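K.L.:
My questions are about this predicted structure, shown below with the sequence.
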Amino acid sequence: MILSSDGHMLFHLASQLYPMYTGLWIFCAWLCCSLQKAKFDKTLLAVGCVMLTNPAVSYALKHLLHQPRPCSPDPGMPSAHAFWAAGLSAALFLAAHSQCSRSLSASTTKLAALRLYAYAACFTTPLVAAERIYSREHTIAQVAVGLPLGALYTLLVWGPIKWLSDTIACTLDSIVSRMAKDKGRKAM
């Protein structure tokens with residue numbers, strides 16, 4: 001892929017890679033961090049779960065509304081990329097707020113990293129939205145609907161998903177600690 005003089009190819013590549021596998025990448029990062037520390041990060045798991053469920057909702061809405069894209073008959077309302085980008089920004093801000101409310105147990109480095117990721121996501125969200133319009137993949141209306149719907153979806157599901165991720169992390173922590181105790185007993 002050769003970068004054109006106007007930078008369109010760079011925006012297109014960023015638009016394709018940024019939201020498509022975000023949930024999977026975050027979930028894998030959670031798993032790797034958890035295995036290294038032997039402690040499961042509840043906040044990162046919640047963000048990953050929100051971003052894993054995000055595509056199902058955006059595609060369901062897309063097929064329910066069935067408004068065609070500007071240059072093809074495929075459904076385009078709402079823009080899934082805009083939905084994902086706004087959802088990720090909202091999830092990262094909620095994660096940072098969640099860590100801030102648990103400030104006694106949260107490390108300053110982790111909170112600073114979450115805030116940095118949230119600001120970066122907010123900076124790239126309009127770029128993704130603009131690229132979807134510029135490439136004529138979506139109309140302005142499709143992107144304009146996708147952005148608030150993605151943020152709204154994240155706000156609505158954050159509480160239940162945060163509770164679920166806390167439950168999963170606590171369960172996994174207890175399983176790992178029992179396995180470690182059993183391993184210690186066998187070694188004696």
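P.N.:
Great, that's in hand. Numbering: from 1, shown residues only.
K.L.:
how close does residue 162 get to residue 89?
P.N.:
17 Å (C-beta to C-beta, to the nearest Å). (C-beta placed from N, C-alpha, C; glycine too.)
K.L.:
Give me the more crowded residue out of the two.
P.N.:
residue 89 (23 against 20; other C-beta atoms under 10 Å).
K.L.:
and that one, what does it touch?
P.N.:
Contacts for residue 89 (C-beta atoms under 8 Å, 6 or more residues apart in numbering) come out as 118, 121, 122, 125, 151.
K.L.:
same thing but 10 Å
P.N.:
Listed by C-beta atoms under 10 Å, 6 or more residues apart in numbering, the contact set of residue 89 reads 117-125, 147, 150-151, 154.
K.L.:
Nearest spatial neighbour of it, chain-adjacent residues omitted?
P.N.:
Sequence neighbours aside, residue 121 is the residue nearest to residue 89 in space, at 4.2 Å (criterion: C-beta to C-beta, 6 or more residues apart in numbering).
K.L.:
The one you found against residue 85, yeah?
P.N.:
Yes - assessed by C-beta atoms under 10 Å, residue 121 is found in contact with residue 85 at 7.2 Å.
K.L.:
out of those two, which sits in the more crowded spot?
P.N.:
With neighbours defined as other C-beta under 10 Å, residue 121 and residue 85 compare such that residue 85 has more, 29 against 22.
K.L.:
Next one: that one from residue 134, what distance?
P.N.:
For residue 85, the distance to residue 134 - C-beta to C-beta - is 15 Å.
K.L.:
again, but for residue 75
P.N.:
As judged by C-beta to C-beta, residue 75 and residue 134 stand 20 Å apart.
K.L.:
The helix or strand harbouring residue 45: what's the following helix or strand?
P.N.:
If you go by DSSP states H and E, residue 45 is part of helix 42-65. Downstream of helix 42-65, the first helix or strand assigned by DSSP H and E is helix 80-101.
K.L.:
buried stuff in whatever helix or strand comes next after that next one?
P.N.:
Once the chain leaves helix 80-101, the next helix or strand it forms, by DSSP H and E, is helix 108-134. Within helix 108-134, the residues scored as buried using 16 or more other C-beta atoms under 10 Å are 110-111, 114-115, 117-118, 121-122, 124-125, 128-129, 131-133.
K.L.:
what's the angle between helix 108-134 and helix 80-101?
P.N.:
With axes from the mean of the first three to the mean of the last three C-alpha atoms, to 10 degrees defining the directions, helix 108-134 sits at 160 degrees from helix 80-101.
K.L.:
And whichever helix or strand comes after helix 108-134, how far out from the chain middle?
P.N.:
With elements assigned by DSSP H and E, the helix or strand that comes after helix 108-134 is helix 140-187. Mean-position distance between helix 140-187 and its chain equals 12 Å (C-alpha atoms, centre = their mean, to the nearest Å).
K.L.:
what is the mean pLDDT for helix 140-187?
P.N.:
Averaging pLDDT along helix 140-187 gives 84.
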